[in-house]
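1. This is a predicted model, with the sequence first.
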Amino acid sequence: MAWKGGLVKAVSKFLRGKPKAATTADLARFDAGLVGLAAVAAVAAYVFQPAQRFVAPEHLFLGGMFLIMGLLPATVFRRRDLPRVFLWGVAGVIAFGAGVLFFAASDAVDQSEWNDQRCSRIQSAMLHPTGRTRTDLPDLFTALGCRPQGWAPRDPAWRGVRAGGPAPTREAVVAHERFMRQAADAEVELNSVSER
């Protein structure tokens, strides 16, 4: 119980005494932190665009409100006689808001990955239909906001056109086109189900 007495003494001393005022160096460090936060926010807003539609609106609102509650006092009260603890409080509110937004983005990325798995399955069923395949799969693919899944096939023999290098031979171009055509035929079923 000795720690309780020490904590009470520290809080009462803090409340009775005048807290340390923020120095110019404190304000400069705080401003540098805000500029860094703005740069991180700009990059994150660009990078997380594909997953943005999966963010829970209440998390976005809550994180944004905490950021506003932290940034507004930081920009309005720009005096040197501010208590240093004020800067720490503002930084804490901004950090909490950024944390809420980070966890919201993390959840949105998980939701986006789950949606990509569903879209991949729908795409596979559309590209390789059977007699039992649903007829409304293109509408479902569009409704879920799906985008084409998978990667382009890699031709191990194709070297392509390189800057300053020799142009590929006619035989290499024909072989590459044949490889790509075979890969497309393997991925997409062009015949109707009744013709098979």
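-> Structure's in. What do you need?

2. mind showing which ranges of the chain have poor pLDDT?
-> 1-23, 26, 74-82, 84, 161-165, 189-196 (pLDDT under 70).

3. Chain neighbours aside, what residue packs nearest to the residue nearest to the spatial centre of the chain?
-> Geometric centre of the chain, nearest residue: Phe48, 2.9 Å, by C-alpha atoms, centre = their mean. Nearest non-adjacent residue to Phe48, counting by C-beta to C-beta, 6 or more residues apart in numbering: Ala105, 5.3 Å away. From N, CA and C alone the C-beta is placed, and that goes for glycine too.

4. show me the contacts for the one you found.
-> The contact partners of Ala105, by C-beta atoms under 8 Å, 6 or more residues apart in numbering, come to 44, 48, 51, 55.

5. wait, doesn't the third one sit right on Asn115?
-> No - in this structure, Ala51 is not within contact of Asn115 by C-beta atoms under 8 Å, at 9.4 Å.

6. State which helix of this structure is the longest.
-> helix 84-127 (DSSP state H).

7. next helix or strand past that helix?
-> Using DSSP states H and E, the helix or strand that follows helix 84-127 in sequence is helix 137-143.

8. Show me what that following helix packs onto, helices and strands only.
-> For helix 137-143, the packing partners by 3 or more C-beta pairs under 8 Å, 6 or more residues apart in numbering; DSSP states H and E come out as helix 84-127.

9. Centre of the chain to the helix it packs on, how far?
-> For helix 84-127, the separation from the chain centroid amounts to 6 Å (computed by C-alpha atoms, centre = their mean, to the nearest Å).

10. ok so, going back, okay, and which of the contacts of Ala105 map to helices?
-> Among these, DSSP H puts Ala44 in helices.

11. Could you tell me which of the contacts of Ala105 count as buried?
-> Neighbour-count burial (16 or more other C-beta atoms under 10 Å) applied to the contacts of Ala105 gives 48, 51, 55.
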